[in-house]
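J.: Okay, structure incoming, though there's no sequence with it:
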């Protein structure tokens with residue numbers, strides 16, 4: 001059954017669809033090239049929070065993908081937009097490689113908590129600081145709640161358990 005609507009755009013997930021870390025999914029470069037030959041807009045989305053959009057695009061270029069930054073919407077972009085909309089000063093649980101997407105955001109004297117994938121920050125002191133902020137009414141912006149994510153060497157624990165704990 002068809003709705004009679006014409007398809008005009010395609011959203012393509014990046015991580016796990018086109019690549020896993022620095023490994024191309026077999027056939028992905030050719031599939032994307034063929035998709036771009038169709039009369040459709042192609043946009044890319046990802047919930048990865050371990051690196052900035054520019055770092056991600058640079059890595060995709062090295063892997064052979066022709067993807068431009070303006071074609072990519074990330075969960076970091078969505079989180080930054082929400083931080084700006086709420087006019088908060090977040091405590092950022094993000095890897096250093098992701099902080100570029102929050103340049104210009106005031107993080108002094110935080111009154112909100114933003115959590116992405118940040119294995120280096122998931123230890124008692126910063127988690128307890130976040131916990132105390134949340135007890136005081138600060139909003140929690142969980143960029144994603146994945147229990148785990150796929151890496152080249154297997155599954156790894158994601159930020160979800162920390163979000164749940166907080």
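T.: All right, it came through fine. What you see is a predicted model; the values in this text were computed from it and never measured.
J.: which phi and psi does the residue lying closest to residue 164 once chain neighbours are set aside have?
T.: Ranked by Cβ to Cβ, 6 or more residues apart in numbering and with sequence neighbours excluded, the top spatial neighbour of residue 164 is residue 145, at 7.3 Å. Where C-beta positions appear, they are placed from N, C-alpha and C, glycine not excepted. Here the main-chain torsion angles of residue 145 (degrees, to the nearest 10) amount to phi -120, psi 30.
J.: So which residues of this structure form helices?
T.: 28-36, 53-62, 75-86, 124-135, 160-165 (DSSP state H).
J.: Dump the ones you listed into TSV; add mean neighbour count as well.
T.: Converted to TSV, the helices of the chain look like this (neighbours: other Cβ atoms under 10 Å):
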stretch	mean neighbour count
helix 28-36	14
helix 53-62	16
helix 75-86	16
helix 124-135	14
helix 160-165	15
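J.: Could you spell out the sheet neighbours of the lowest-mean-pLDDT helix or strand in the chain, each with its direction?
T.: Ranking every helix and strand in the chain by mean pLDDT, DSSP states H and E puts strand 148-151 at the bottom, with a mean of 81. Paired strands of strand 148-151, with direction, are strand 154-157 (antiparallel) (DSSP bridges).
J.: mean confidence score for the strand it pairs with?
T.: Strand 154-157 shows a mean pLDDT of 90.
J.: Flag every buried residue along the least confident helix or strand of the chain.
T.: residue 149 (16 or more other Cβ atoms under 10 Å).
J.: which ones are touching the closest residue to residue 64 other than its chain neighbours?
T.: Take residue 64 and drop its neighbours on the chain: the residue closest to it by Cβ to Cβ, 6+ apart is residue 29, 4.8 Å away. Residue 29 makes contact with 63-65, according to Cβ atoms under 8 Å, 6 or more residues apart in numbering.
J.: Now which of those residues would you call buried?
T.: Using 16+ other Cβ under 10 Å, the buried ones in these are 63, 65.
J.: Include distance to residue 77 when you put the contacts of residue 29 into CSV, please.
T.: CSV is the format used below for the contacts of residue 29 (distance: Cβ to Cβ, whole Å):
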residue, distance to residue 77
63, 21
64, 24
65, 19
